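1. coordinates only, no sequence provided:
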């Protein structure tokens with residue numbers, strides 16, 4: 001004779017399903033339900049990350065020039081974001097190369113893989129819009145990249161010797177991430193810089209205040225990750241933005257609508 005199994009109590013009106021269950025069963029059911037909810041939330045976050053185009057960062061602290069960040073890595077194109085309004089004084093724009101009435105102002109992290117991916121696009125802009133668009137590079141190091149702050153400071157020390165663009169081109173194309181000060185100094189020497197002056201510049205923290213200022217400007221005008229670029233007209237008015245490592249075709253579509 002088959003033994004009849006006890007039936008599950010039916011919840012009364014006003015009772016939750018869990019309150020009608022045996023205690024042990026309710027405990028494990030609760031664990032399973034909580035795990036499912038967390039998994040769904042995590043899936044939603046990952047889906048958002050995969051559809052965005054930047055490495056996501058949060059606000060810069062007052063105690064460090066490195067941006068505190070929640071990590072997100074993606075090589076997908078970013079969703080279109082509204083262009084911020086405002087004007088940036090030309091004296092606050094640094095590390096400029098090329099000539100033109102328009103400026104592509106890039107906020108970047110030297111250890112960000114998507115900034116590295118975007119760098120050839122920036123170089124292509126300089127070639128295709130020669131005499132129309134110049135490029136400015138400013139720093140937005142994210143704390144998810146432990147070496148980003150040091151790389152930014154090293155780039156500013158290269159700027160002290162007139163080798164900023166040579167340094168970042170070399171960094172993006174041949175150097176590794178999370179480099180030490182000595183490794184940066186070796187790279188600088190190979191580019192023809194005075195190694196002792198470079199090391200002293202790093203030790204003195206010469207570029208730290210500039211990097212802090214850059215990161216503050218990035219956040220003021222809507223940057224939440226890298227790369228993040230603004231397009232400025234001749235008067236410094238913000239007339240466009242590029243959020244993420246967009247391919248050259250999309251960047252040119254944006255520029256062509258502005259550059260006559």
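-> Okay, I see it. Owing to the predicted nature of the structure, the values given are computational and were not obtained by experimental measurement.
2. buried ones in stretch 178-188, by neighbour count?
-> 179, 183-185, 187-188 (16 or more other C-beta atoms under 10 Å). C-beta here means a position set from N, CA and C on the backbone, and glycine is covered the same way.
3. same question but for stretch 103-113, I mixed them up
-> Across stretch 103-113, burial judged by 16+ other C-beta under 10 Å covers 103-113.
4. next up, the contacts around residue 130.
-> Applying C-beta atoms under 8 Å, 6 or more residues apart in numbering to residue 130 gives the contacts 98-100.
5. for residue 83, helix, strand, or coil?
-> Going by DSSP: H, G, I helix; E, B strand; the rest coil, the secondary structure assigned to residue 83 is coil.
6. show me the contacts for it.
-> By C-beta under 8 Å, 6+ apart, the residues touching residue 83 are 230, 238-241.
7. just residue 84 next, same as before
-> 221-222, 230, 238, 241.
8. out of those residues, who has the most neighbours?
-> Among the contacts of residue 84, the one with the most neighbours (other C-beta atoms under 10 Å) is residue 230, at 27 neighbours.
9. what residues are bridge-paired with it?
-> For residue 230, the beta-bridge partners are residue 105, residue 241 (DSSP bridges).
10. now residue 225
-> Going by DSSP bridges, residue 225 forms beta bridges with residue 56.
11. secondary structure element for the closest residue to residue 158 other than its chain neighbours?
-> With C-beta to C-beta, 6 or more residues apart in numbering as the criterion, residue 158 has its nearest non-adjacent residue at 3.5 Å, and that residue is residue 167. Assessed by DSSP states H and E, residue 167 sits inside helix 164-174.
12. now for that helix, which elements pack on it?
-> Packing partners of helix 164-174 (3 or more C-beta pairs under 8 Å, 6 or more residues apart in numbering; DSSP states H and E): helix 113-128, strand 133-139, helix 148-160, helix 181-190.
13. if you rank the contacts of residue 130 by neighbours, which is first?
-> Neighbour counts for the contacts of residue 130 (other C-beta under 10 Å) peak at residue 98, which has 19 neighbours.
14. now it. Nearest residue, chain neighbours left out?
-> Of all residues not flanking residue 98 in the chain, residue 134 sits nearest, at 3.8 Å (C-beta to C-beta, 6+ apart).
15. follow-up on the earlier one: can you redo the helices and strands packed on helix 164-174 as a markdown table with distance to residue 247 and mean pLDDT?
-> Below are the helices and strands packed on helix 164-174 laid out as a markdown table (distance: least, C-beta to C-beta, whole Å; pLDDT from 0 to 100):
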| stretch | distance to residue 247 | mean pLDDT |
| --- | --- | --- |
| helix 113-128 | 7 | 97 |
| strand 133-139 | 17 | 98 |
| helix 148-160 | 24 | 98 |
| helix 181-190 | 29 | 97 |
